[in-house]
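Enquirer: sequence? don't have it. structure:
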């Protein structure tokens, strides 16, 4: 059954400083009850604090929404731990909905092909930021906020079509997204009370897609991305985010499902 709001929520968003993560924070703030709390995380402190100020000055902020910034690198061991700690400290007894948005991600070196990755350190570094931290953060939040009567828990993995479809010269990105995709499908099976959503936001006008347009090693994929810009098939972050908000409010997806923006 569709709802008009997401409750009095504690919402943790990784990669919140710009792009899709920032749009998610702004749109979620309009759907949360007074007394809700954001834990906003990213590597860029200045951008996070600018978002914090924007949320504080919004109608939601004036109605009692709080935002806490955690400037951290998820690729480091301390990253997930510092976010979990901040979430516990920011939470109140009135919170009735825990929302974790696993948004932070990077493309990796998309100028190279699979056969070019012979150094384990390069691969380990990529997976540490894009997969390991996501798993450890999700596990940490679920442990600190276990199931109890009256508490709803939602975990979103910002996924990609690349989780289910190979793209030449994007081996790190595709592999990382595929691993996250399966991790959250397993989680949905293990935790039936949990609401788990794999959301693919589509091609958006972000620094990441621009990097793909400029640096992709495979010529045909590079042309495909450039053509999307020319044909105006690139979405704004706000357009895609609105579709995700619709899914969260209606709450009738099958937990663990992979849903693409164009299916909403």
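Expert: That came in fine, so what should we check first? These figures come from a predicted structure and were not determined experimentally.
Enquirer: what's the host helix or strand of residue 46 in contact with?
Expert: Assigned by DSSP states H and E, residue 46 belongs to helix 45-57. Contact with helix 45-57 is made by 16-18, 22, 25-26, 29, 38, 40-42, 61, 65, 67-69, 71, as judged by C-beta atoms under 8 Å, 6 or more residues apart in numbering. For the C-beta atoms, the positions are set from N, CA and C on the backbone; glycine is no exception.
Enquirer: ok, residue 135 to residue 208 distance?
Expert: As for residue 135, its distance to residue 208 is 21 Å (criterion: C-beta to C-beta, to the nearest Å).
Enquirer: Which one's more surrounded, these two?
Expert: Ranked by neighbour count (other C-beta atoms under 10 Å), residue 135 and residue 208 place residue 208 first, with 19 against 16.
Enquirer: Just checking, which helix or strand succeeds the longest helix along the chain along the chain?
Expert: Criterion DSSP state H: the longest helix present in the chain is helix 171-190. Counting by DSSP H and E, the next helix or strand C-terminal to helix 171-190 is strand 195-200.
Enquirer: and that next one with helix 171-190, angle?
Expert: Between strand 195-200 and helix 171-190, the angle comes out at 160 degrees (axes from the mean of the first three to the mean of the last three C-alpha atoms, to 10 degrees).
Enquirer: who does strand 195-200 pair up with?
Expert: Strand pairing for strand 195-200, using DSSP bridges, gives strand 152-158 (parallel), strand 258-260 (parallel).
Enquirer: sorry, back to before: show only the entries of the contacts of helix 45-57 found in strands.
Expert: Using DSSP state E, the subset of those located in strands is 38, 40, 41, 42, 67, 68, 69, 71.
Enquirer: Ranking by neighbours, what's the top pick from these?
Expert: Ranked by neighbours (other C-beta under 10 Å), the ones in strands among the contacts of helix 45-57 are led by residue 41, which has 29 neighbours.
Enquirer: Now the residue nearest the centre of the chain: phi and psi?
Expert: Nearest residue to the geometric centre of the chain (C-alpha atoms, centre = their mean): residue 103, 1.7 Å. For residue 103, the backbone dihedrals (degrees, to the nearest 10) come out as phi -110, psi -30.
Enquirer: that older thread, list the buried residues in the longest helix of the chain.
Expert: 171-181, 183-185, 187-188 (16 or more other C-beta atoms under 10 Å).
Enquirer: hmm, back to that, check whether the residue nearest to the centre of the chain really touches residue 18, as I assumed.
Expert: No. If you go by C-beta atoms under 8 Å, residue 103 and residue 18 don't touch, sitting 10.6 Å apart.
Enquirer: low-scoring stretches of the chain, by residue?
Expert: 1-2 (pLDDT under 70).
Enquirer: Can you show me the helices along it?
Expert: Remark: helices assigned in the chain by DSSP H are 19-29, 45-57, 59-62, 78-90, 120-127, 133-144, 171-190, 207-215, 219-230, 237-250.
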